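> quick one: sequence and predicted model below, then my questions.
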Amino acid sequence: LDMGNFGWALNKERPLIMDLEEVSPRPSTSIMKENKNLSIIIFPILLSSKPLGAMFLLSETRLDEINQNLLHTLDLQVKLLARSVERVRLSIRLQEQNLALARTTAYLENILNNIVYSIIALDKNENIALYNIQAEMTFGKKRQLVLGQSYKQVLPIPLTLEINKIIKKIKSRKIIVDYQ
């Protein structure tokens, strides 16, 4: 098959239909030798308008007899195939990103758990979102029991009063410099 025809189908983003008599050199499979009335349809497979490849369909019907409805249906099927391939690619990319995120999370958790200071972080609802190993040792409460809990229920009263002051400054959008 002439690569110029293949390129044409990809660039036009629509099927190319040819009688095999027009193809030079003629492919030498036994089916093609026995049947001189074959047509070939090249369906481009595009992802985001970029050529991924093509699907070739041999038809025992002459070019002038090919049903346009069938051609349209086959073209839609090829486009669905291209979308499926794109979804698989996106799924693989998402899995790769999740793996990278898991590695980064493990790395950061390792740092936070080996630091000599107690680190406690709150989410937007003022619940404990991060509680490192040193915080467990300092306050005597296991991480699994405090994560998701209000800091007011978990931490000692003097510390909660200080955290209340900090939260108030943060909510008022005031700059906190060298807070002690």
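Yep, it's here.

> and residue 44, what element?
Per DSSP states H and E, residue 44 falls inside strand 39-47.

> to clarify, my last question referred to residue 129.
strand 128-131.

> any idea which helix or strand comes after that strand?
Moving toward the C-terminus from strand 128-131, the next helix or strand (DSSP H and E) is helix 133-139.

> what packs against that next one?
helix 143-146 (3 or more CB pairs under 8 Å, 6 or more residues apart in numbering; DSSP states H and E). C-beta here means a position set from N, CA and C on the backbone, and glycine is covered the same way.

> strands of this protein, residue ranges please.
16-19, 39-47, 50-59, 120-122, 128-131 (DSSP state E).

> in terms of mean pLDDT, which of those ranks lowest?
Lowest mean pLDDT within these: strand 16-19, at a mean of 56.

> so who does residue 145 touch?
By CB atoms under 8 Å, 6 or more residues apart in numbering, no residues touch residue 145.

> any idea how far it is from residue 158?
21 Å (CB to CB, to the nearest Å).

> list the buried ones in the strand holding residue 129?
With burial defined by 16 or more other CB atoms under 10 Å, the residues of strand 128-131 counted as buried are 128, 131.

> same deal with stretch 136-145?
136, 139, 141.

> quick one: average pLDDT of stretch 168-180?
On average, stretch 168-180 scores 79.

> with stretch 132-141 instead?
94.

> output the strand holding residue 129 as PDB, nothing but the C-alphas.
Output in PDB follows, covering the C-alpha atoms of strand 128-131 (Å, rounded to 0.1, in the frame of the first residue of the first chain):
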ATOM      1  CA  ILE A 128      -5.900  17.400  63.400                       C
ATOM      2  CA  ALA A 129      -4.700  16.400  60.000                       C
ATOM      3  CA  LEU A 130      -1.000  15.700  60.900                       C
ATOM      4  CA  TYR A 131       0.400  14.400  64.100                       C
END
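
> please name the strands paired to that strand in the sheet, noting orientation.
Sheet pairing of strand 128-131 (DSSP bridges) gives strand 120-122 (antiparallel).

> what comes up buried for the strand it pairs with?
In terms of neighbour count (16+ other CB under 10 Å), strand 120-122 has its buried residues at 120, 122.

> and the contacts of it?
128-132, 135, 151, 155, 163, 167.

> quick check: the farthest pair among those?
Within the contacts of strand 120-122, 132 and 167 form the most distant pair, 20.0 Å apart (CB to CB).

> quick one: contacts for residue 176?
Contacts of residue 176 by CB under 8 Å, 6+ apart are 166, 169-170.

> can you get me a residue count around residue 100?
10 (other CB atoms under 10 Å).
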